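Visitor: The sequence and its predicted three-dimensional model are supplied below.
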Amino acid sequence: MKTLLLRSLAAGSLATTLILGAAGTASAAPSRATLKAAADTVVNEVVGGSNYGKVKAKYPTALNFTNDGCSVPAYIIAASPALYGVLRAYGSVFEKSCDRHDFGYRNYGKNTTTPGVHPKFDPTSARKKSIDSRFYSNMKKQCDDKYGNPITTAACKVAAKTFYTAVDKAGGKAFFG
């Protein structure tokens, strides 16, 4: 009887550990306010900071980290293959800025056509504008960081302005749905 009792207690203890975790406490889902605060640290961060990686590690599925790189809308490709070529060339330079921009749209906007969760924290024109502005300032920073020559830096900033103009003027569907 004593052996049976000890086995039952051990099995119960193992089950509790598996359900609650090694620390012995249940891990509650983060609150909406906690997730929004974490998302705010990402969208307001200057590119190159560590918040994006830290928040992604902590909330990999509770926030939307899906991205499609520095995608260029089909209408630009069709209208100007030369412009598309220039934008494509700078896509790798601006990759981290584009990832953060996608994060902002997917967590603050109300478009739900992309995979993952869509918290819709603040689907307003003001929020879209702030996300687009951060995107532009981040790309300009990447130009300054990558190129030491004033001519190549200036060319990079023209590409940054082109990406920014595209999301500013035509990003409404991607943000608002």
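Guide: That came in fine, so what should we check first? Residues are numbered from 1 along each chain as shown.
Visitor: residue closest to the middle of the protein?
Guide: F103 (2.3 Å; C-alpha atoms, centre = their mean).
Visitor: Look up how far I76 lies from that one.
Guide: Between F103 and I76 the computed distance is 22 Å (C-beta to C-beta, to the nearest Å). All C-beta spots, glycine's among them, are computed from the backbone N, C-alpha and C.
Visitor: and if you look at G91?
Guide: Using C-beta to C-beta, G91 is found at 13 Å from I76.
Visitor: likewise G109?
Guide: The gap separating G109 from I76 is 20 Å, by C-beta to C-beta.
Visitor: hang on, K56 packs against F65?
Guide: Yes. Counting by C-beta atoms under 8 Å, K56 does reach F65; the two are 5.2 Å apart.
Visitor: which of G109 and I76 has more neighbours?
Guide: More crowded of G109 and I76, by other C-beta atoms under 10 Å: G109, with 27 against 15.
Visitor: which residues touch the spatially closest residue to that one that is not a sequence neighbour?
Guide: In this structure, G109 finds its nearest non-sequential neighbour in F175, 3.8 Å apart by C-beta to C-beta, 6 or more residues apart in numbering. Going by C-beta atoms under 8 Å, 6 or more residues apart in numbering, F175 touches 105, 108-111, 123, 128, 131.
Visitor: and F175, what pLDDT?
Guide: Listed pLDDT for F175 reads 94.
Visitor: quick one, phi psi at it?
Guide: Main-chain torsions, F175, degrees, to the nearest 10: phi -90, psi -50.
Visitor: do you know how far it is from T34?
Guide: 23 Å.
Visitor: same thing with G177?
Guide: Taken as C-beta to C-beta, the span from G177 to T34 is 25 Å.
Visitor: ok, now S50?
Guide: Counting by C-beta to C-beta, the gap from S50 to T34 is 19 Å.
Visitor: Same drill for the two, tell me which one is more crowded.
Guide: Between S50 and T34, counted using other C-beta under 10 Å, T34 has the larger neighbour count: 13 against 9.
Visitor: Name the helix or strand for that one, please.
Guide: helix 32-43 (DSSP states H and E).
Visitor: for the chain, what are the low-confidence residue spans?
Guide: Low-confidence segments of the chain (pLDDT under 70): 1-27.
Visitor: thinking again about what came up before, and the contacts of F175, which are buried?
Guide: Buried members of those, scored by 16 or more other C-beta atoms under 10 Å, are 105, 108-109, 111, 123, 128, 131.
Visitor: Alright, I will stop here.
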